[in-house]
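1. how would this look folded up:
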Amino acid sequence: MRRIDWPERLASFVEENRRRAFAWGDHDCALFAAAAVQRLTGVDPLACVRGTYATEDGADAVLGGVPLSLYMDAAMRAAGFLPVDPSLSQRGDVVIVEPGNMATCGVHLGGSVAVPGVDRLRFVPTRMIRAAWSI
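-> Here you go, the predicted structure:
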């Protein structure tokens, strides 16, 4: 389902978002990962919630008490993207990482995972991947 020029699209997506600060409902981890999928495939797995919240409480309401990994699993499957073993995830895939005790969505870049940070993108080791979906 990836567009033929997906490597260039992924590189430009990361560069465009490199200095963006985290913002609930705009540039949080789930929407960042979904926006990457949209850039690479044309499909936005979180289109139904985009623009519906702007706070952490709003994000929690969207999740409805479900852990992030289960919510993303349902959204990714509904959009046609199936889970893969984290050890088999590849560049461009959506992943869940756990730096510390908190799960966050990101995009596999090959040697690291890009995730939104407070003031810019952060890059965490792929060994922190706990769940993954093939794009």
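
2. Let me see the ranges of the helices in this protein.
-> Listed from the start of the chain, the chain has helices (DSSP state H) covering 6-17, 29-41, 56-63, 68-78.

3. contacts for the second one?
-> Right, helix 29-41. For helix 29-41, the surrounding residues in contact (CB atoms under 8 Å, 6 or more residues apart in numbering) are 1-3, 6, 9-10, 12-13, 17, 25, 43-47, 50, 59, 68, 71-72, 75, 79, 81, 92, 94-95, 104-107, 114-116, 135. Glycine gets a C-beta too; all of them are placed from N, C-alpha and C.

4. between the helices of the chain, which one is nearest to L121?
-> Relative to L121, the nearest member of the helices of the chain by CB to CB is helix 6-17, separated by 5.8 Å.

5. can you give me the mean pLDDT across the closest one?
-> Averaged across helix 6-17, the pLDDT comes to 98.

6. buried ones in that helix?
-> 6, 9-10, 13-14, 17 (16 or more other CB atoms under 10 Å).

7. can you check stretch 80-88 too?
-> Under the neighbour-count rule (16+ other CB under 10 Å), stretch 80-88 has 81, 83-84, 86 buried.

8. that older thread, pull out the buried members of the contacts of helix 29-41.
-> Applying a neighbour-count criterion of 16+ other CB under 10 Å, the buried members of the contacts of helix 29-41 are 6, 9-10, 13, 17, 25, 44-46, 59, 68, 71-72, 75, 79, 81, 92, 94-95, 104-107, 114-116, 135.
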